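> Pasting the sequence and the predicted coordinates here, then a few questions.
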Amino acid sequence: MKLISWNINGIRAAVNKDAFAWIEDIKPDFLALQEVKADQEQIPAEIYNLPFKEINLNPAKRSGYSGVMSLSNFDTECFKSLFNNDDEGRVLEHRFKNVVLFNIYFPNGQKDDERLNYKMKFYDDFLNYIVNLKNEGKDIIICGDVNTAHKEIDLKNPKANSQRSGFLDIERAWIDKLIKSGFIDTYRFLNPKDIKYSWRTYRFNARANNAGWRIDYFFISDSLKDKLKNAFIMDEIYGSDHCPVGIEIEI
């Protein structure tokens, strides 16, 4: 099963850039999109022509902001967030077989202390929720834009960004806690020394200079470790300031 996650930074803009042309060749079984920035009536018709059988959308109440969409070729029981008030359209939870699969756009904490506190509460509420699911015996997959680089290898200029939300000690410590709770960073697990980024600013010619951050992830519960076959970052794909990331896993 091939699962791909992509912060598209606006689904209407992405369609206008023909940003989904790669799907016909790659043929993902599941595609998680973040920062859709569109209500149901604003989703371009082209999206419904993509080769998927199930499409779910969780838009933000605020127009043109946030929002997640999942496209899959298998049936799931789908929920919006069950662990917080999801007015910002950040979560789609999919259940199938014994698997709980999350498509999440985690908050950005760069605006001010209030948003950083919101981000950290979201992190903690989510971790408590998935630890309970894990204790129930569920297999868990988490994908999306986590908005934090974990280690120095995961961004171009770690020292210069050490006081910036996205690479603060408190944010990085949460990823440590997630991993210690029995979850695996799939890309780093299979590619321990590779330097590859999933986000680059549109400014400063960052993409050409390969100056970026790895802030988009697939995490899996350790119960799925032996079923993980591949983890990758598709930095050859354009259409957003993020690149698609993905895994291949036997489920």
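Thanks, I have the structure now. Residues are numbered from 1 along each chain as shown.

> and stretch 29-39, which residues are buried?
29, 30, 31, 32, 33, 34, 35, 36, 37, 38 (16 or more other C-beta atoms under 10 Å). The way it works is simple: take the backbone N, C-alpha and C, and place the C-beta from them, glycine included.

> Can you show me the helices along the chain?
11-16, 23-26, 113-135, 169-180, 186-190 (DSSP state H).

> got the angle for the longest one vs helix 169-180?
What that stands for is helix 113-135. Going by axes from the mean of the first three to the mean of the last three C-alpha atoms, to 10 degrees, helix 113-135 is angled at 10 degrees with respect to helix 169-180.

> contact partners of helix 113-135?
Residues outside helix 113-135 that contact it (C-beta atoms under 8 Å, 6 or more residues apart in numbering) are 82-84, 90, 100, 102, 104, 106-110, 140, 142, 147, 165, 168, 170-171, 174, 177-178, 181-183, 221, 223.

> Now go through these and say which are in strands.
Among the contacts of helix 113-135, the ones falling in strands (DSSP state E) are 100, 102, 104, 140, 142, 183, 221.

> Against residue 127, how distant is the fifth one?
Okay, so that is residue 142. Taking C-beta to C-beta, to the nearest Å as the measure, residue 142 falls 10 Å from residue 127.

> of those two, who's got more company?
The residue with more neighbours, out of residue 142 and residue 127, is residue 142; 23 against 16, by other C-beta atoms under 10 Å.

> Which strand residues bridge the more buried one?
According to DSSP bridges, the residues that bridge with residue 142 are residue 102, residue 219.

> mind checking pLDDT for it?
We have a pLDDT of 98 for residue 142.

> Just to check, it is in contact with residue 219?
Yes. Residue 142 is in contact with residue 219 according to C-beta atoms under 8 Å; the separation is 4.3 Å.

> list the residues that contact both of these two?
residue 183.
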